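> dropping a prediction and its sequence here:
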Amino acid sequence: MSMTEYGSEGRVSTKCDIYSYGIILLEIFTRKKPTDKIFVEELNMRQWIASLPDRMKVVDDGLLNIEDGRDVTATKTILSSILELGLRCSEELPDERLDIKAVVTQVNKIKLAILGNRKNGV
């Protein structure tokens with residue numbers, strides 16, 4: 001997010017809120033902050049996640065500890081969907097970010113997947 005987009009010119013938009021939401025999602029599920037020491041020079045948190053072919057490598061280990069009876073594939077699919085949503089919300093250019101209606105739709109789909117995963121005993 002550029003400084004001209006947020007703060008320095010006093011312009012705030014829902015696209016800034018979407019960006020922040022995306023970053024928060026990424027922080028929660030990776031347990032990393034954008035200011036973490038591993039993000040140096042040109043590499044930021046978003047680029048780190050997007051660059052890896054296996055995004056499960058960035059997910060906090062505690063979230064990947066599967067309890068007995070849980071479907072590992074379903075859990076990984078849900079976590080992958082959350083990371084993807086975080087990446088789509090935190091696109092560098094505001095026009096490339098999802099709008100709030102699309103975010104709500106994606107969150108509801110993820111919620112249904114979580115509830116379905118629990119309901120099926122997995």
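Received it, and whenever you're ready, just let me know what you need.
> could I get the average pLDDT for stretch 111-122?
Stretch 111-122 shows a mean pLDDT of 73 in the predicted model.
> for this structure, what helix or strand is lowest in average pLDDT?
For the chain, counting by mean pLDDT, DSSP states H and E, helix 61-64 ranks last in confidence among helices and strands (a mean of 80).
> how far is the helix or strand following it from where the chain is centred?
The C-terminal neighbour of helix 61-64 among helices and strands, as given by DSSP states H and E, is helix 72-89. The chain centroid and the centroid of helix 72-89 are separated by 7 Å, computed with C-alpha atoms, centre = their mean, to the nearest Å.
> quick one: list the elements packing against the helix or strand following helix 72-89.
Sequence order places helix 100-119 as the next helix or strand after helix 72-89, per DSSP H and E. Packed against helix 100-119, as judged by 3 or more C-beta pairs under 8 Å, 6 or more residues apart in numbering; DSSP states H and E, are the following elements: helix 14-30, helix 72-89. The C-beta positions use only the backbone N, C-alpha and C, and glycine is treated the same way.
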